[in-house]
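With the input below, show me the fold.
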Amino acid sequence: MISFSFRKSPPSSANAFFSPSFFFAFALDAARLFRLGVSLAAAGAAAVGYVAALPGRWSLGAGGASGLAWTVGGTVLLAAGCSAWNQAQERLPDARMKRTRNRPVAAGRLSPAGAYLAGAICLILAAAALLRAGTFEPGAEFFTAGRAGGTPQSALTPGVAAACLVPVAALIYNGVYTPLKKRTGFALLAGAAVGALPPALGWAAAGGAPGHPLPALLYGVFLLWQIPHYWLRVKRNSEEYRAAGFVLPPLTLPETTLAKILILWCCAFGAALFMAALFPVAQGAVSRLGLALAGFAAAGGALLAAGKGDRMPSAGRCQRIMDVSLAASMAFVFADRLM
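Numbering: from 1, shown residues only. Next up is the predicted model:
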């Protein structure tokens, strides 16, 4: 049975459904259900992958802006759909954690069936939006005899290639990662694999060549960011995650071992950003310098936050450094394609 309510007792009149407080509560719960911040961040990553697939400096003409808009919208819907399903699956552990207990399913304001339905609608609309994104051609010559460096184009059209990633992402995130989180710490590898997909999705929607190394590099950057980002968040809220019954490395590994692994991950992420500065991810000298500095900031920041190699970095400080480094580097890539 699907149910959705915003108060413990039913409204006294139909006018309550049209009151500002009702719409505010509805919007707030929708943002929580779809994790709007995460969904928008995924869309930003897809936008970077989209513009990176275009030849030379990108212009807003020839349908490029429309294709980008459909790609961004499709990615938001994809992330929102996976989030809704995830909250239906994890409603019990979510209810035990202070950080998540007020989510609509965990709090009982939305039934699990309602969350599954909302997620399914989002995923269907995501596939449709990405199919539409592939119908725009930012550069006619780019979509004919080989794309992004002259490598042979895929037999799939750009829209079909991007839309095919929708069920793949949902299967890995909701079918593999979510059920395994309470059984093994290796589940995070599946979560990281799907969390790094947005740049590849944007690349596919723009018609980028599947064999080109650039999307693999972008995917690697996001993959290397995923693990330390999530581990540091778990470390900051370790008691809540432990009470919810999750089996995660930050909760089980010795402090010194965890510190060494996290520093290694952060340095690998910084090295990937530095490699992005050497490869043609960005064409302008300023953008390449920005990527290199972001890489140095990520690696150096983690080392400074740790102090010594066997001491646990400050989780909050290190997480902010990682997040800012990624956001800044992607902003450099995006701006580079517009200038």
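
going forward, measure contacts and count neighbours with C-alpha atoms only.
Noted.

Tell me how many other residues crowd the closest residue to Pro280 other than its chain neighbours.
Closest residue in space to Pro280, ignoring its immediate chain neighbours: Leu214 at 7.7 Å, by CA to CA, 6 or more residues apart in numbering. Per other CA atoms under 10 Å, the neighbour tally for Leu214 reads 23.

Confirm that Leu214 sits in a strand.
No: under DSSP: H, G, I helix; E, B strand; the rest coil, Leu214 sits outside any strand and is assigned helix.

residues in contact with it?
Contacts of Leu214 were listed using CA atoms under 8 Å, 6 or more residues apart in numbering, and they are 279-281.

Tell me the buried residues in whichever strand or helix holds Leu291?
For Leu291, the host element (DSSP states H and E) is helix 285-306. For helix 285-306, a neighbour-count test (16 or more other CA atoms under 10 Å) marks 287-303, 305-306 as buried.

Over to stretch 90-107?
90-91, 93-97, 100-106.

next helix or strand past the helix holding Leu291?
The helix or strand immediately downstream of helix 285-306 is helix 315-338, counting by DSSP H and E.

Spatially nearest residue to Ile227 (excluding sequence neighbours)?
Leaving aside its sequence neighbours, Ile227 sits nearest to Ala192 (CA to CA, 6+ apart; 6.4 Å).

Kindly report the same for Ala244.
That would be Pro93: by CA to CA, 6+ apart, it lies 4.7 Å from Ala244.

Next one: that neighbour from Ala106, what distance?
When distance is defined by CA to CA, to the nearest Å, Pro93 is 8 Å away from Ala106.

what's the answer for Leu251, then?
23 Å.

Report the spatially nearest residue to Ala133, omitting neighbours in sequence.
Per CA to CA, 6+ apart, closest to Ala133 is Gly67, 4.5 Å.

How far away from the center of its chain is the strand or helix carrying the one you found?
Here Gly67 sits within helix 64-89, counting by DSSP H and E. Computed by CA atoms, centre = their mean, to the nearest Å, the chain-centroid distance of helix 64-89 equals 10 Å.

Please state the mean pLDDT value computed over that helix.
Per-residue pLDDT values over helix 64-89 give a mean of 94.

next one: stretch 102-122
95.

List the buried residues in it.
Across stretch 102-122, burial judged by 16+ other CA under 10 Å covers 102-106, 108-112, 114-120, 122.

Pull the distance from it to the chain's centre.
The answer for stretch 102-122 is 20 Å, by CA atoms, centre = their mean.

can I get the CA coordinates of it in PDB?
Included here for stretch 102-122 are C-alpha records, laid out as PDB according to Å, rounded to 0.1, in the frame of the first residue of the first chain:
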ATOM      1  CA  ASN A 102      14.200  12.000   9.300                       C
ATOM      2  CA  ARG A 103      14.200  10.700   5.800                       C
ATOM      3  CA  PRO A 104      10.500  10.300   4.700                       C
ATOM      4  CA  VAL A 105      10.600   6.400   4.500                       C
ATOM      5  CA  ALA A 106      12.600   6.000   7.700                       C
ATOM      6  CA  ALA A 107      10.300   8.400   9.500                       C
ATOM      7  CA  GLY A 108       7.100   6.700   8.200                       C
ATOM      8  CA  ARG A 109       5.800   9.600   6.200                       C
ATOM      9  CA  LEU A 110       6.200   7.600   2.900                       C
ATOM     10  CA  SER A 111       5.600   3.900   2.500                       C
ATOM     11  CA  PRO A 112       8.300   1.700   1.000                       C
ATOM     12  CA  ALA A 113       5.900   1.000  -1.900                       C
ATOM     13  CA  GLY A 114       5.600   4.700  -2.500                       C
ATOM     14  CA  ALA A 115       9.400   5.100  -2.600                       C
ATOM     15  CA  TYR A 116       9.800   2.200  -5.000                       C
ATOM     16  CA  LEU A 117       7.100   3.700  -7.300                       C
ATOM     17  CA  ALA A 118       8.700   7.100  -7.200                       C
ATOM     18  CA  GLY A 119      12.100   5.600  -7.900                       C
ATOM     19  CA  ALA A 120      10.800   3.600 -10.800                       C
ATOM     20  CA  ILE A 121       9.200   6.700 -12.400                       C
ATOM     21  CA  CYS A 122      12.400   8.600 -12.000                       C
END
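
so where is the protein shaky, pLDDT-wise?
1-18, 55-63, 137-156, 304-313 (pLDDT under 70).

Closest to the centroid, which residue in it?
Centroid check for the chain by CA atoms, centre = their mean gives Ala42 as the closest residue, at 3.6 Å.
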